[in-house]
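Asks: Following is a predicted model, sequence given first.
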Amino acid sequence: MSRFAVMTLTDAAVERVGDIVSNASENADGIRVGIKNGGCAGMEYTVDLVTELNPKDDRVDAGEHSVFIAPEAVLFLLGTQMDYEVTKLRSGFVFNNPNQTSACGCGESVTLVPAALPPMEDA
């Protein structure tokens, strides 16, 4: 039975996660993606190195490494595709999130709504 993944990752994101974890000065298990209140649109994505595992995190395979999803972010990240983009002006992770309703002009903060889950059927 396959496990449901909160998020998917593009090949570019998997490669970047590997680079980050492999080049970390600390012993790292992966990266953690979360959300926090902030910015002009209300919320910001967070990406941090994981040096201590949290058993409440969801885990997404990223090649030889893992991306951990903070428990408070799961409903906001359901169905998201994480990519890594390099342009002339910036490089970084990009979140293609169906739960995002708007973003600020600079692209640093977003407005997110929790994923609408279908009602549970009686067994």
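Replies: Done, it's in.
Asks: Tell me which residue is most central in this protein.
Replies: Val33 (4.1 Å; CA atoms, centre = their mean).
Asks: any idea how far Leu89 is from it?
Replies: 23 Å (CB to CB, to the nearest Å). From N, CA and C alone the C-beta is placed, and that goes for glycine too.
Asks: Where does the prediction get shaky in this protein?
Replies: 1-3, 41, 102, 104-114, 116-123 (pLDDT under 70).
Asks: Just give me the longest helix of it.
Replies: helix 11-22 (DSSP state H).
Asks: If you count neighbours, what's buried in it?
Replies: Neighbour-count burial for helix 11-22 flags 13-14, 16-17, 20-21 (criterion: 16 or more other CB atoms under 10 Å).
Asks: Give me the contacts around that helix.
Replies: If you take CB atoms under 8 Å, 6 or more residues apart in numbering as the criterion, helix 11-22 is touched by 9, 28-31, 49, 62-65, 67, 82-85, 93.
Asks: Now with 7 Å, please.
Replies: For helix 11-22, the external contacting residues (CB atoms under 7 Å, 6 or more residues apart in numbering) are 28, 30-31, 62-65, 67, 82-84, 93.
Asks: what's the spacing between stretch 59-72 and its chain's center?
Replies: Relative to its chain's centre, stretch 59-72 lies at 8 Å (CA atoms, centre = their mean, to the nearest Å).
Asks: Output that stretch as PDB, restricted to C-alpha atoms.
Replies: Taking Å, rounded to 0.1, in the frame of the first residue of the first chain, the C-alpha atoms of stretch 59-72 are listed here in PDB:
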ATOM      1  CA  ARG A  59       7.600  13.000   5.900                       C
ATOM      2  CA  VAL A  60       8.000  13.200   2.200                       C
ATOM      3  CA  ASP A  61      10.800  11.300   0.400                       C
ATOM      4  CA  ALA A  62      13.300  13.500  -1.400                       C
ATOM      5  CA  GLY A  63      15.600  11.000  -3.000                       C
ATOM      6  CA  GLU A  64      18.100   9.900  -0.300                       C
ATOM      7  CA  HIS A  65      16.800  12.600   2.100                       C
ATOM      8  CA  SER A  66      13.500  13.800   3.500                       C
ATOM      9  CA  VAL A  67      11.300  16.800   3.600                       C
ATOM     10  CA  PHE A  68       9.400  17.000   6.900                       C
ATOM     11  CA  ILE A  69       6.100  18.900   7.100                       C
ATOM     12  CA  ALA A  70       5.300  20.700  10.300                       C
ATOM     13  CA  PRO A  71       2.000  19.400  11.800                       C
ATOM     14  CA  GLU A  72       0.400  22.900  11.900                       C
END
